[in-house]
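Engineer: Sequence and predicted model, in that order:
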Amino acid sequence: MINLEKCKEEFLRYVRVFEEEYEDEEEYIKIERKKLHSIRVMERCEEIAKALNLNEEQTELACLIGLLHDIGRFEQYTRNVAYLNEMLLDHAKLGVDILFKKGLIRKFIEDEKYDKIIELAIVNHNKYKIPEGLNKEELLFSKIIRDADKLDILYEGAEIFWNSKTEKENVENSKISVKIGQLFKVERPIKKVRK
């Protein structure tokens with residue numbers, strides 16, 4: 001089984017390093033936005049997995065992939081001071097490199113049995129088309145994260161960005177379900193905004 005509580009703590013610890021890098025409120029908020037997106041995608045993965053009647057272990061795996069799918073975004077932002085220009089740096093590939101080449105994945109899950117599924121799902125989540133040749137399980141988790149990510153992107157566009165005028169308002173309006181907020185011990189999306 002996957003210890004999701006430990007995974008969440010490790011994820012927040014990892015992101016905190018990037019949050020602390022930025023004194024500028026606008027830069028800090030951009031990191032927060034990606035953190036909140038990852039949390040919401042994890043929630044969408046859980047909903048999709050349950051709708052597909054996956055077992056508890058498969059549901060936990062889907063949640064872990066959702067949590068980690070954009071882990072490369074934080075490093076991407078630090079390198080480019082932007083999330084744009086995927087032609088220069090593929091955040092999915094960068095995330096896989098950080099997780100597997102640098103060994104960060106072992107902070108989230110000790111067992112290696114899911115490594116290939118996690119790697120393939122993350123590296124393919126932002127691709128126009130999932131490549132052929134994946135086995136049934138690899139394809140399933142690649143589709144779950146792709147769909148959960150796109151659902152949240154649509155949510156951000158429709159519910160957050162169209163209803164707000166500033167990046168700060170966008171992040172403050174980013175809703176986390178009560179259930180996920182409790183898991184992360186989050187009362188509001190942003191506890192503290194730097195000045």
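Structural biologist: Perfect, I can see it now.

Engineer: Do a quick rundown of the helices in this structure.
Structural biologist: 4-19, 25-51, 56-68, 71-80, 91-96, 105-108, 115-124, 136-155, 167-172, 178-183 (DSSP state H).

Engineer: Distance to Ile130, mean neighbour count and mean pLDDT added to these, as a markdown table?
Structural biologist: All C-beta spots, glycine's among them, are computed from the backbone N, C-alpha and C. Listed next are the helices of the chain as a markdown table, based on distance: least, C-beta to C-beta, whole Å; neighbours: other C-beta atoms under 10 Å; pLDDT from 0 to 100:
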| stretch | distance to Ile130 | mean neighbour count | mean pLDDT |
| --- | --- | --- | --- |
| helix 4-19 | 24 | 16 | 93 |
| helix 25-51 | 15 | 21 | 89 |
| helix 56-68 | 14 | 22 | 97 |
| helix 71-80 | 18 | 19 | 83 |
| helix 91-96 | 12 | 21 | 93 |
| helix 105-108 | 21 | 18 | 96 |
| helix 115-124 | 5 | 22 | 97 |
| helix 136-155 | 5 | 18 | 94 |
| helix 167-172 | 30 | 18 | 57 |
| helix 178-183 | 26 | 13 | 52 |
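
Engineer: Can you tell me the closest non-neighbouring residue to the spatially most central residue of the chain?
Structural biologist: Nearest to the centroid of the C-alpha atoms of the chain, with distances taken as C-alpha atoms, centre = their mean, sits Ser38, at 2.8 Å. Excluding the flanking residues, the one nearest Ser38 by C-beta to C-beta, 6 or more residues apart in numbering is Asp70, at 5.3 Å.

Engineer: count of residues packed around that neighbour?
Structural biologist: 23 (other C-beta atoms under 10 Å).

Engineer: got a pLDDT number for Asn126?
Structural biologist: Predicted confidence (pLDDT) for Asn126: 88.

Engineer: Find the nearest non-adjacent residue to it, please.
Structural biologist: Nearest to Asn126 is Ala92, by C-beta to C-beta, 6+ apart, at 4.7 Å.
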